[in-house]
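J.: Structure for the following, please:
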Amino acid sequence: HDAMPPGGATKVLLHSCCAPCSGAMFEEMLSKGLEVTIFFYNPNIHPRREYEIRKEENKRYAARHGVPFVDCDYDQSSWFQRMKG
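T.: Next up, the predicted model:
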């Protein structure tokens, strides 16, 4: 079964926690002719250095495939506040 976005959509915003995790899905979407944008937002990744490593690898991956990359802020304090309830 070939899964495609509903309604004939051709654009996909793919949330990625790291390039290795989303790579297979991303490449499958590209092979189906979808226009993929990689969206990186992960304030739950700690320490900050690990977050930066993952972000930079996602950026390289997007550039290598010629697709847009959206980088949201590392808003750690907001993340902790929301998780406290």
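
J.: Could you list the low-confidence segments of this protein?
T.: Counting by pLDDT under 70, the chain shows low-confidence ranges at 1, 85.

J.: Go ahead and flag the most central residue of it.
T.: Per Cα atoms, centre = their mean, the C-alpha nearest to the average position across the chain is that of residue 16, at 2.4 Å.

J.: The biggest helix by length in the chain: what's the following helix or strand?
T.: The helix that spans the most residues within the chain, counting by DSSP state H, is helix 48-65. Tracing the chain past helix 48-65, the next element assigned as helix or strand by DSSP states H and E is strand 69-71.

J.: Check which helices and strands that following strand sits against.
T.: If contacts are counted by 3 or more Cβ pairs under 8 Å, 6 or more residues apart in numbering; DSSP states H and E, strand 69-71 sits against strand 35-40, helix 48-65. (Glycine included, C-beta is placed from N, CA and C.)

J.: in the shortest one, what counts as buried?
T.: Across strand 35-40, burial judged by 16 or more other Cβ atoms under 10 Å covers 36, 38-40.

J.: what do you get for the longest one?
T.: Within helix 48-65, the residues that qualify as buried are 51, 54-55, 58, 61-62, counting by 16+ other Cβ under 10 Å.

J.: go on, stretch 69-85?
T.: Buried residues in stretch 69-85, defined by neighbour count with 16+ other Cβ under 10 Å: 69, 74, 79.
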